[in-house]
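Chemist: here you go, sequence then predicted model.
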Amino acid sequence: MRIGLDVGGTKTDVVAVTPAGEILARARRPSGWGAEAVVTTVIAAVRELAAKSGIASSSLASIGIGVPGQIVPGTGRVTHAVNLGIDDLDLGAVVGTALGVPTTVENDVKAATRGALALRGSGRGSLAYLNLGTGVAAGIAIDGDVWRGARGAAGEIGHISIDPHGPECPCGQRGCIEAYAGGGSIARRWGVSGDLPVRDVFDAAERGDARAIELRDGLAFGVAAAVRVLVLSADVDTVVLGGGLTALGDRMLRPVLSELETRAVASPFLRSLHLPDRVDVLAPGSPAAALGAALVGASTHEQETLTRG
């Protein structure tokens with residue numbers, strides 16, 4: 001049995017996956033803050049899922065963990081995971097030792113890219129997974145393999161500036177894709193407290209609130225720009241939208257597709273790319289990141305076993 005976890009800033013999603021890639025069980029629990037609390041959360045989530053599902057510890061072949069932040073190549077060390085309060089943590093070693101199971105750590109968006117491939121049932125062709133959550137980032141997969149680039153930064157498109165006169169971004173630039181389409185940026189610019197500020201923005205826009213309409217249109221502008229960047233730079237077959245903002249469903253998707261169509265009106269080249277037809281959305285609540293983490297963990301364990309053998 002393979003275990004996969006998606007450790008987010010507010011929740012941790014954990015799944016048990018069979019050797020055939022089928023999700024056998026799933027659970028969620030709140031995420032801890034800080035290195036020690038994150039380790040405690042991961043270990044407790046694995047034990048809870050195993051107990052609830054009747055999975056014996058001896059049947060666990062591997063654990064994969066998807067986390068935000070940078071992963072030191074070839075290790076399970078996480079750095080700069082600011083949404084989890086982690087500066088530097090060898091998460092793979094700590095969890096693997098505590099549970100006695102080989103543990104692999106992967107960036108959460110890259111893990112979700114692997115999971116999106118599996119959920120779509122296609123290992124061939126090309127796909128970009130565009131994560132729309134607190135921030136914006138993407139993963140790119142070519143013929144089933146996640147493309148990392150020279151330094152692991154492939155797909156980090158959130159801080160591409162698309163308007164030098166646009167809203168300020170925490171990265172120091174203006175008009176970044178994330179400044180327009182990131183949930184955290186939208187919430188800061190909206191400035192009204194609430195459990196789901198982006199949904200509140202859409203609700204207010206539908207009531208005619210001018211500032212909310214500007215923010216909603218800006219989100220569509222940012223997401224459409226991200227789609228164009230991914231297609232024009234990697235010519236992927238499909239751009240799959242995922243992350244918390246996709247819970248808005250058609251309320252978000254329709255303005256994005258409309259923005260893509262509007263921008264293509266004056267450009268025969270853009271029209272020839274049929275960008276709206278290349279956009280897809282994961283089902284709400286999809287376990288893409290946790291599933292992808294499980295698959296990454298299983299693949300890494302199998303490769304290491306073959307190398308040792």
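Modeler: Okay, I see it.
Chemist: where do the strands of this protein begin and end?
Modeler: With DSSP state E as the criterion, the chain has strands at 2-7, 11-17, 23-30, 62-67, 70-71, 77-81, 86-90, 103-107, 126-132, 136-142, 145-147, 238-242, 279-281.
Chemist: then the fourth one to PDB, C-alphas only?
Modeler: Included here for strand 62-67 are C-alpha records, laid out as PDB according to Å, rounded to 0.1, in the frame of the first residue of the first chain:
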ATOM      1  CA  SER A  62       6.100   3.900   0.700                       C
ATOM      2  CA  ILE A  63       5.000   7.400   1.800                       C
ATOM      3  CA  GLY A  64       5.000  10.400  -0.500                       C
ATOM      4  CA  ILE A  65       4.500  13.900   0.900                       C
ATOM      5  CA  GLY A  66       3.500  16.900  -1.200                       C
ATOM      6  CA  VAL A  67       4.400  20.300   0.500                       C
END
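Chemist: what mean pLDDT would you report for that strand?
Modeler: The pLDDT scores in strand 62-67 average 97.
Chemist: by contact count, what packs against it?
Modeler: strand 2-7, helix 35-53, helix 91-99, strand 103-107, helix 108-120, helix 288-308 (3 or more CB pairs under 8 Å, 6 or more residues apart in numbering; DSSP states H and E). C-beta coordinates here come from the backbone N, C-alpha and C atoms, glycine included.
Chemist: right, so of these, which gets closest to residue 277?
Modeler: Closest to residue 277 of the helices and strands packed on strand 62-67, according to CB to CB: helix 108-120, at 15.5 Å.
Chemist: low-confidence stretches in the stretch 51-200 of the chain?
Modeler: 122-123 (pLDDT under 70).
Chemist: re the thing from before, dump the strands of the chain to a markdown table, plus mean neighbour count.
Modeler: Listed next are the strands of the chain as a markdown table, based on neighbours: other CB atoms under 10 Å:
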| stretch | mean neighbour count |
| --- | --- |
| strand 2-7 | 29 |
| strand 11-17 | 24 |
| strand 23-30 | 16 |
| strand 62-67 | 30 |
| strand 70-71 | 20 |
| strand 77-81 | 18 |
| strand 86-90 | 18 |
| strand 103-107 | 27 |
| strand 126-132 | 28 |
| strand 136-142 | 25 |
| strand 145-147 | 17 |
| strand 238-242 | 24 |
| strand 279-281 | 18 |
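Chemist: any idea which of the ones you listed gets closest to residue 52?
Modeler: Here strand 23-30 is closest among those (CB to CB), at 6.4 Å.
Chemist: direction included, what does that closest one pair up with?
Modeler: Note on strand 23-30: by DSSP bridges, its sheet partners are strand 11-17 (antiparallel).
Chemist: on that earlier part again, in a markdown table: the helices and strands packed on strand 62-67, plus distance to residue 201.
Modeler: Shown next, in a markdown table, are the helices and strands packed on strand 62-67 (distance: least, CB to CB, whole Å):
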| stretch | distance to residue 201 |
| --- | --- |
| strand 2-7 | 25 |
| helix 35-53 | 30 |
| helix 91-99 | 34 |
| strand 103-107 | 28 |
| helix 108-120 | 24 |
| helix 288-308 | 25 |
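Chemist: and residue 67, what are its bridge partners?
Modeler: In beta-bridge terms (that is, DSSP bridges), residue 67 pairs with residue 107.
Chemist: do the same with residue 29
Modeler: Per DSSP bridges, the residues bridged to residue 29 are residue 12.
Chemist: wouldn't it be in contact with residue 42 here?
Modeler: No - between residue 29 and residue 42 there is no contact under CB atoms under 8 Å: 9.9 Å.
Chemist: need the overlap of contacts for those two.
Modeler: Taking CB atoms under 8 Å, 6 or more residues apart in numbering as the contact rule, residue 29 and residue 42 both touch residue 12.
Chemist: which helix in the protein has the most residues?
Modeler: If you go by DSSP state H, the chain has its longest helix at helix 210-234.
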